[in-house]
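[1] here you go, sequence then predicted model.
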Amino acid sequence: MDATEPVVRTAGGQVRGRTEDEVAIFRGIPFARPPVGGLRFAAPRPAQPWDGVRAATAFGPPPPQSGPMLTPPPPESGADPGDWLTVNVFSPDLGAAGLPVMVWIYGGAYRSGAASHPGYDGTLLARQNVVVVTFNYRVGVEGYAHLPGVPANRGLLDQVAALRWVRENIAAFGGDPDRVTVFGESAGAGAIAALLVMPVAAGLFRRAIAQSVPGTFFSTALAADVTAAIAAAAGLPATAEAFASADPARLATAADAVRPADHAGRWGRVAYTGSPFSPVVDGEVLPAAPWRALAMGAGRSIDLISGHNRDEFRLFMEPAGARGQITAEAASAALRGLAPGHDGEDGEAAYRQAYPDADPDTLFELVNSDWLFRMPSLHLAQAHAAAGGRTFLYELSYPASAGGLGACHAIDVPLLFGVYAGLGQLLFGPEPPASAIRLGDLMRSQWAAFAADGDPGWPQYSPGHRMTRIFADPPDVAPYPERTSLHLWDQHRFGVLDLTADPDPDPDPDPDDLTADPHPQEGPDRADIRAGRLRA
């Protein structure tokens with residue numbers, strides 16, 4: 001076998017990869033049939049086998065997705081534009097017997113993302129003596145729109161199909177199918193929370209790492225209402241037949257036109273986000289919200305790392321220019337809309353009492369960070385540990401080099417993969433500090449150690465001690481540091497977001513105070529700031 005162009009036999013046929021920096025890399029291997037034509041909006045079907053040796057040197061095309069988000073690289077010429085469901089493998093040793101396997105699930109607000117993003121290069125992580133797998137799954141309308149007569153959560157079902165491919169084929173790449181760890185960030189972490197409790201995912205992975213878990217899981221009624229809004233924007237009936245006949249780009253454009261903030265009277269807390277998509281608790285694919293199911297013992301046999309970044313929501317405030325623009329009224333609106341309590345005033349009063357010196361910017365950022373990422377991640381660990389699972393908690397508090405971003409959402413991704421272009425350059429500049437590189441090395445080594453034997457190198461989480469790995473400079477292990485927010489949210493139960501009966505929770509702002517800009521990275525909508533919302 002040519003060491004520079006290794007060939008591996010999979011269940012579907014032989015694939016030829018390429019050795020790069022002493023890692024064997026295989027790109028664009030189909031794990032399911034293209035979900036187009038008659039398979040549009042269907043559950044994934046196994047890929048068709050092929051004859052001969054298939055070139056596996058180029059990433060498969062990204063799935064259709066939203067425009068305002070980070071755009072993945074275009075597919076290479078010659079790629080089947082509908083072949084969205086492909087897998088990529090980074091192996092440090094094809095001849096190894098049973099290396100641990102780490103399967104990455106990307107984020108992107110459930111509406112964008114692709115494994116071909118340069119920031120998800122698994123080469124450095126594979127050098128930790130693990131086999132790294134990345135893959136594409138359907139997002140946005142294709143993956144999460146709730147339509148009658150077709151399976152819900154097709155994005156999650158794609159992930160299950162990819163994990164089945166891993167179980168069936170990873171031994172040929174040097175991996176151990178019984179030592180599979182799923183890891184993901186943001187929407188990828190939300191997907192992992194769902195996979196932990198999905199019956200169809202049982203037995204497909206042994207460990208999980210959930211980085212910044214979003215607290216948004218939709219009821220079928222809410223998800224159907226979102227789909228109806230997208231259908232109206234597209235000028236279509238909200239049926240699977242109509243959607244299946246529409247161009248995917250048309251549906252993605254229609255989804256981009258649907259602003260959750262415009263539906264605050266029906267969608268409740270979803271109005272504080274920028275994405276109309278989330279996993280749907282449909283009772284079949286996803287039987288219950290993860291926190292409740294974990295507390296009842298689901299996923300207890302799976303080892304779990306859960307954690308978050310200290311300043312999560314700052315990523316959505318600082319680049320949008322919102323810091324310094326948050327008024328006292330906007331902070332109050334966010335506190336009333338998001339803080340836990342019997343009513344909005346109770347929640348606002350509790351936050352103000354707990355953080356007496358916080359200005360409007362700080363209060364706005366805190367409550368958004370807490371409800372969207374920090375507390376869902378903490379509560380996931382608490383529920384898993386309470387049911388007897390082996391659980392580990394972390395907080396990343398290392399700040400970005402760029403002014404004002406702090407330890408914001410997604411800063412863990414360039415640290416973990418060691419890729420400092422793109423997002424990494426935005427956060428750390430053209431030359432990342434040596435301390436950032438050291439911290440990223442530590443994260444990679446501890447993630448890989450956890451994948452190998454379930455011990456990342458710090459104590460398990462327990463309700464009595466709450467020991468937490470603090471990724472900082474220097475790193476530390478200490479009781480969970482966000483104790484104030486922990487106590488504020490102690491009695492809250494994350495669950496299923498449903499339609500709200502409140503007809504108009506926020507007064508209409510003045511018409512001349514609106515902007516039409518739908519892209520939060522290009523500047524905040526002043527109406528949203530006045531209403532206490534900033535789209536994430």
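    Now that the structure is in, tell me what you want to look at.

[2] so, low pLDDT: which residues of the chain?
    Across the chain, the ranges flagged by pLDDT under 70 are 1, 67-79, 342-344, 501-536.

[3] give the contact list for the spatially most central residue of the chain.
    By CA atoms, centre = their mean, the chain has its centre lying nearest to Ala187, at 1.9 Å. Each residue near Ala187 by CB atoms under 8 Å, 6 or more residues apart in numbering is listed here: 106-110, 113, 214. (Glycine included, C-beta is placed from N, CA and C.)

[4] how about JSON lines for those residues, with neighbour count and distance to Glu318 added?
    Below are the contacts of Ala187 laid out as JSON lines (neighbours: other CB atoms under 10 Å; distance: CB to CB, whole Å):
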{"residue": "Tyr106", "neighbour count": "25", "distance to Glu318": "23"}
{"residue": "Gly107", "neighbour count": "22", "distance to Glu318": "19"}
{"residue": "Gly108", "neighbour count": "22", "distance to Glu318": "19"}
{"residue": "Ala109", "neighbour count": "25", "distance to Glu318": "18"}
{"residue": "Tyr110", "neighbour count": "26", "distance to Glu318": "23"}
{"residue": "Gly113", "neighbour count": "30", "distance to Glu318": "22"}
{"residue": "Pro214", "neighbour count": "26", "distance to Glu318": "19"}
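
[5] which residues does the strand or helix carrying Leu442 contact?
    Using DSSP states H and E, the element containing Leu442 is helix 434-453. For helix 434-453, the external contacting residues (CB under 8 Å, 6+ apart) are 100-102, 124-125, 128-130, 179, 181, 183, 207, 209, 303, 305, 392, 398, 401, 412, 414-418, 428, 455-458, 469, 471-473, 475.

[6] measure the residue nearest to the centre of the chain to Val226 for me?
    15 Å (CB to CB, to the nearest Å).

[7] the helix holding Leu442: which residues count as buried?
    For helix 434-453, a neighbour-count test (16 or more other CB atoms under 10 Å) marks 436, 439-440, 442-444, 446-452 as buried.

[8] please apply the same query to stretch 262-269.
    In stretch 262-269, counting by 16+ other CB under 10 Å, buried: 263-264, 266-269.

[9] so which of those are in helices?
    Residues of those located in helices (DSSP state H): 264, 266-267.

[10] with distance to Arg167 added, can I get those in JSON lines?
    JSON lines is the format used below for those (distance: CB to CB, whole Å):
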{"residue": "Ala264", "distance to Arg167": "43"}
{"residue": "Arg266", "distance to Arg167": "41"}
{"residue": "Trp267", "distance to Arg167": "38"}
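
[11] from the contacts of Ala187, which is closest to Leu251?
    Comparing these against Leu251 with CB to CB picks out Tyr110 as the nearest, at 14.4 Å.

[12] what about the residue nearest to Arg40 when sequence neighbours are not counted, neighbour count?
    Computed as CB to CB, 6 or more residues apart in numbering, the closest residue to Arg40 that is not its neighbour in sequence is Ala244, at 4.3 Å. Other residues lying near Ala244 total 16 when counted by other CB atoms under 10 Å.

[13] with Phe183 instead?
    Close neighbours of Phe183, defined as other CB under 10 Å, add up to 24.

[14] does it count as helix, strand or coil?
    Assigned by DSSP: H, G, I helix; E, B strand; the rest coil, the conformation of Phe183 is strand.

[15] now do Val477
    Classification of Val477 by three-state DSSP places it in strand.

[16] quick one: it from Ser377, how far?
    For Val477, the distance to Ser377 - CB to CB - is 17 Å.

[17] residue contacts, Ile156?
    You called it Ile, but residue 156 is Leu. Contacts of Leu156 by CB under 8 Å, 6+ apart are 191, 194-195, 198, 279, 285-286.

[18] on the three-state scheme, it is what?
    Leu156 ends up helix, using three-state DSSP.

[19] gap between it and Leu163?
    Leu156 is 11 Å from Leu163, by CB to CB.

[20] find residues that contact each of the two.
    Shared contacts of Leu156 and Leu163, defined by CB under 8 Å, 6+ apart, are found at Leu195.

[21] just how off-centre is stretch 140-160 within its chain?
    Averaged C-alpha coordinates place stretch 140-160 at 16 Å from its chain's average position (CA atoms, centre = their mean, to the nearest Å).

[22] do I have it right that Val15 meets Gly52?
    No: the criterion here is CB atoms under 8 Å, and Val15 misses it with Gly52 at 10.4 Å.

[23] who has more neighbours, those two?
    Between Val15 and Gly52, counting by other CB under 10 Å, Val15 is the more crowded of the two (25 against 7).

[24] next, the contact list for that one, please.
    Contacts for Val15 (CB under 8 Å, 6+ apart) come out as 7-8, 26, 29, 53-56.

[25] next, it: phi, psi?
    phi -130, psi 140 (degrees, to the nearest 10).

[26] what sits against the closest residue to it other than its chain neighbours?
    Nearest residue to Val15, sequence neighbours excluded (CB to CB, 6+ apart): Ala56, at 4.0 Å. With contact set as CB under 8 Å, 6+ apart, Ala56 has these partners: 15-17, 26-29.
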